[in-house]
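>>> All I have is the shape, not the residue letters:
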């Protein structure tokens with residue numbers, strides 16, 4: 001077909017131009033260090049070490065303060081007059097929608113195939129460490145956010161790196177880190193959080209509607225799909241963060257419930273295999289020998305999957321969390337801790353456990369192929385087969401789940417990209433409209449072309465953002481500690497029966513605090 005030929009030619013032309021650039025940057029960002037019989041990507045170590053440092057620095061906040069975080073999500077400590085756009089629950093679901101996606105379905109399947117069941121253990125460990133990193137970056141996101149005259153909010157690493165570092169006398173470094181972070185996040189927005197999601201969701205839709213004979217396999221069908229998704233995204237994007245919060249607060253819980261219930265159904269159907277599966281996961285995590293290098297192989301694959309899935313330390317989530325209605329930054333930091341727990345400890349683990357328990361012939365064959373050095377082509381099919389072993393019609397439900405996961409990821413990243421764009425090019429109406437049109441056009445492009453080289457380059461930029469971001473997190477950790485102490489004091493006094501008026505009177509007497517002009521408790 002004519003359309004197919006020109007899209008193929010464009011694909012090839014762009015790939016020829018981008019491939020050398022993508023390869024160079026990818027070699028740097030994903031540079032591997034020999035470790036045992038395998039290799040360890042330094043960027044994964046960068047993320048994991050940050051989680052370890054912040055876990056120790058804040059005294060295992062992700063464990064000690066999780067009940068308080070749940071109370072905040074339920075609205076127990078909400079204040080009606082707090083500045084911001086969305087409540088704690090909506091901010092959380094918006095951020096979760098940006099991380100829970102195809103990686104939780106396909107990526108996890110590949111992880112437990114290459115690294116064996118033991119990779120699941122290390123995936124959980126990395127998810128728990130990521131909770132501490134998310135707490136730090138999202139507290140800073142609110143602390144240094146900008147509340148505009150129209151009530152909208154701008155936040156994220158661009159703002160806290162610039163403002164926070166300036167407070168420490170490192171203004172030049174802060175500006176450089178902020179610009180680098182904004183560019184990296186914007187590039188990923190267009191080609192990872194947008195193009196890749198559309199392309200992969202269309203592929204899954206084609207597979208359950210006839211494959212090559214599917215209506216959506218034709219150029220016309222693909223174009224229709226792209227235009228439809230672009231129109232839906234544009235409608236949500238026009239509504240801003242309030243609209244995104246309203247959509248994700250309904251969509252994300254529904255997706256998670258359907259997916260987790262399906263996992264539980266497979267697990268309960270094979271309940272007799274549960275003890276052996278748990279044993280395989282624990283023993284495999286510490287096995288001296290085995291798939292992909294035994295203990296080291298399982299650890300690396302598990303850490304890599306978790307780090308790539310929950311995005312802790314990347315700097316993306318603070319953009320969504322910054323829009324929360326609160327006067328105390330660390331309240332949202334505590335809420336943000338729940339995000340890696342949902343994404344990695346719950347959803348990724350449920351996927352892994354389902355696959356390990358089902359032990360489908362396709363998974364066993366893929367494990368053998370991986371052990372022989374062959375590449376795993378598709379993770380979605382392995383997950384789909386695991387569900388199909390207990391629910392014959394579930395691949396169709398999975399197709400719907402993939403579409404919803406992809407859509408929620410697209411609209412959340414559209415917001416992230418908007419904030420990075422306006423930081424770089426200004427917050428004028430013209431600037432915002434140019435971004436919205438450009439983003440919507442790329443949605444359509446994703447349905448027509450793969451542009452795989454651009455997606456590979458986008459992945460490199462996403463984790464390059466972590467380099468800029470985490471440098472700032474280390475230097476600003478003392479600020480977060482002060483904010484945490486203030487919030488813990490506030491929660492203690494609220495639980496003791498003091499009213500907000502009484503607490504705020506004490507805060508006012510102690511002097512102003514937060515960077516957004518709202519009072520905070522004294523040190």
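Looks like it came in fine. In this text, all values refer to a predicted model and were calculated from it rather than measured experimentally.

>>> And the strands in the chain, which stretches?
32-35, 38-41, 146-147, 153-154 (DSSP state E).

>>> for these, which one sits closest to residue 407?
Among the strands of the chain, strand 153-154 comes nearest to residue 407, with 23.4 Å by C-beta to C-beta. Using the backbone N, CA and C atoms, a C-beta is placed for each residue, glycine as well.

>>> which secondary structure elements does that closest one contact?
Applying 3 or more C-beta pairs under 8 Å, 6 or more residues apart in numbering; DSSP states H and E, one finds that strand 153-154 contacts strand 146-147, helix 394-425.

>>> what's it in contact with?
83-85, 145-148, 241, 322-323, 419, 422-423, 427 (C-beta atoms under 8 Å, 6 or more residues apart in numbering).

>>> Let's check: the centremost residue of this protein is which one?
The residue lying closest to the centre of the chain (C-alpha atoms, centre = their mean) is residue 99, at 2.6 Å.

>>> Count the neighbours of the closest residue to that residue other than its chain neighbours for me.
Distances taken as C-beta to C-beta, 6 or more residues apart in numbering place residue 343 nearest to residue 99, at 4.7 Å, with adjacent residues excluded. Neighbour count for residue 343, taken as other C-beta atoms under 10 Å: 27.

>>> Am I right that residue 343 is in contact with residue 124?
No: using C-beta atoms under 8 Å, residue 343 is not in contact with residue 124, being 11.5 Å away.

>>> before we move on, back to that, the residue nearest to residue 99 and residue 90: what is the separation?
The gap separating residue 343 from residue 90 is 17 Å, by C-beta to C-beta, to the nearest Å.

>>> Repeat that for residue 426.
Applying C-beta to C-beta, the value for residue 426 to residue 90 is 27 Å.

>>> what does residue 507 give?
Where residue 90 is concerned, residue 507 sits at a distance of 26 Å (C-beta to C-beta).

>>> Give the residue spans of the stretch 201-350 of the chain that score low on pLDDT.
Within the stretch 201-350 of the chain, the stretches with pLDDT under 70 are 211, 240-241, 287-297.

>>> What of the chain?
1-8, 10-11, 36-37, 101-103, 211, 240-241, 287-297, 373-380, 450-452, 511-523.

>>> ok, now with 50
1-3, 290-293, 513-523 (pLDDT under 50).

>>> dump the residue contacts of residue 229.
Contacts of residue 229 (C-beta under 8 Å, 6+ apart): 198, 201, 407, 410, 443, 447.

>>> As CSV, these with neighbour count and distance to residue 487 would be great.
Converted to CSV, the contacts of residue 229 look like this (neighbours: other C-beta atoms under 10 Å; distance: C-beta to C-beta, whole Å):
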residue, neighbour count, distance to residue 487
198, 26, 39
201, 25, 39
407, 23, 34
410, 30, 33
443, 25, 39
447, 24, 45
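
>>> Between those, which sits nearest residue 52?
Distances from residue 52 to the contacts of residue 229, taken by C-beta to C-beta, are shortest for residue 410, at 32.6 Å.

>>> What residues does the closest one make contact with?
So residue 410 contacts 193, 194, 197, 198, 229, 233, 443 (C-beta under 8 Å, 6+ apart).

>>> what do you get if the cut-off is 6 Å, keeping everything else the same?
Residues near residue 410 by C-beta atoms under 6 Å, 6 or more residues apart in numbering: 194, 197, 233.

>>> cool, residue 173 as well?
residue 165.

>>> Residue 158 too?
So residue 158 contacts 178, 181, 182, 423 (C-beta under 6 Å, 6+ apart).

>>> could you redo the last one with a cut-off of 10 Å?
144, 175, 177-183, 185, 315, 318-319, 419-420, 422-424, 468 (C-beta atoms under 10 Å, 6 or more residues apart in numbering).

>>> Kindly report the same for residue 442.
189-191, 194-195, 198, 226, 230, 410, 414, 417, 451, 454.

>>> Recalculate using a threshold of 8 Å.
So residue 442 contacts 190, 191, 194, 195 (C-beta under 8 Å, 6+ apart).

>>> So it versus residue 427, what's the distance?
21 Å.

>>> Same check on residue 469?
22 Å.

>>> and if you look at residue 253?
The separation that residue 253 has from residue 427, given C-beta to C-beta, amounts to 32 Å.

>>> still on that earlier bit, wait, the residue nearest to the centre of the chain touches residue 341, no?
No: Residue 99 lies out of contact with residue 341 (C-beta under 8 Å); the separation is 11.3 Å.

>>> What's the local residue count around residue 166?
15.

>>> just the one 4 residues further on next, same as before
The tally of other residues near residue 170 (other C-beta under 10 Å) stands at 16.

>>> now swap in residue 402 and tell me
Residues within reach of residue 402, counting by other C-beta under 10 Å, total 26.

>>> The one 10 residues further on too?
In terms of burial, residue 412 registers 32 neighbours under the definition other C-beta under 10 Å.

>>> need the contact list for it.
With C-beta under 8 Å, 6+ apart, residue 412 has these contacts: 94, 95, 97, 98, 193, 244, 248, 320.

>>> switch the cut-off to 7 Å
Each residue near residue 412 by C-beta atoms under 7 Å, 6 or more residues apart in numbering is listed here: 94, 97, 98, 244, 248, 320.

>>> now swap in residue 148 and tell me
Taking C-beta under 7 Å, 6+ apart as the test, what residue 148 contacts is residue 154.

>>> of all the contacts of residue 229, which two lie farthest apart?
407 and 447 (12.9 Å).

>>> Just want to know which of residue 426 and residue 90 has more residues nearby.
residue 90 (24 against 10).

>>> Do I have it right that residue 403 meets residue 202?
No: counting by C-beta atoms under 7 Å, residue 403 stays clear of residue 202, with 9.1 Å between them.

>>> Of those two, which one has the most company?
A direct count of neighbours by other C-beta under 10 Å for residue 403 and residue 202 places residue 202 higher, at 24 against 17.

>>> What's the separation between that one and residue 208?
Counting by C-beta to C-beta, the gap from residue 202 to residue 208 is 11 Å.

>>> now swap in residue 57 and tell me
If you measure residue 57 against residue 208 using C-beta to C-beta, the figure is 47 Å.

>>> ok, now residue 165?
Residue 165 sits 49 Å away from residue 208, taking C-beta to C-beta as the criterion.
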